[in-house]
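Student: Return a 3D structure for these sequence lines:
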Amino acid sequence: MSALAASCKAVNPRTRLVVINNPQNPCGKVWSRNDLAFIAGLCEKHDAYVLGEAIARLERWRG
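Tutor: Below you'll find the model as predicted:
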């Protein structure tokens, strides 16, 4: 199941807050504009807030 599909299944009328990490840790997935718009629409439908956490700078690790 994709992360987006899992998010859709988790949001329901009792949901009040959805937290989005972008890029998503620990795998580094970057949500597309369409994915973010879909999640925003889903939250709007259920009257939920979105809390977005974005990386402030690029980190590069050796290895």
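Student: any idea how far residue 62 is from the residue nearest to residue 17 when sequence neighbours are not counted?
Tutor: Once flanking residues are discounted, residue 17 sits nearest to residue 49: 5.0 Å by Cβ to Cβ, 6 or more residues apart in numbering. The way it works is simple: take the backbone N, C-alpha and C, and place the C-beta from them, glycine included. Between residue 49 and residue 62 the computed distance is 38 Å (Cβ to Cβ, to the nearest Å).
Student: Who has more neighbours out of those two?
Tutor: residue 49 (10 against 3; other Cβ atoms under 10 Å).
Student: got a pLDDT number for that one?
Tutor: On pLDDT, residue 49 comes in at 94.
Student: Provide a list of residues in contact with it.
Tutor: Neighbouring residues of residue 49 by Cβ atoms under 8 Å, 6 or more residues apart in numbering: 16, 17, 18, 43.
Student: try residue 42
Tutor: Contact analysis of residue 42 by Cβ under 8 Å, 6+ apart lists 7, 8, 11.
Student: where does it land on pLDDT?
Tutor: pLDDT at residue 42 comes out at 90.
Student: Any figure for the gap between it and residue 62?
Tutor: In terms of Cβ to Cβ, residue 42 sits 38 Å off from residue 62.
Student: Same check on residue 2?
Tutor: 30 Å.
Student: same question, residue 15
Tutor: 40 Å.
Student: Does anything pack onto the lowest-mean-pLDDT helix or strand in the chain? Which helices or strands?
Tutor: One helix or strand of the chain scores below all others by mean pLDDT, DSSP states H and E: helix 3-10, with a mean of 77. Packing partners of helix 3-10 (3 or more Cβ pairs under 8 Å, 6 or more residues apart in numbering; DSSP states H and E): helix 33-45.
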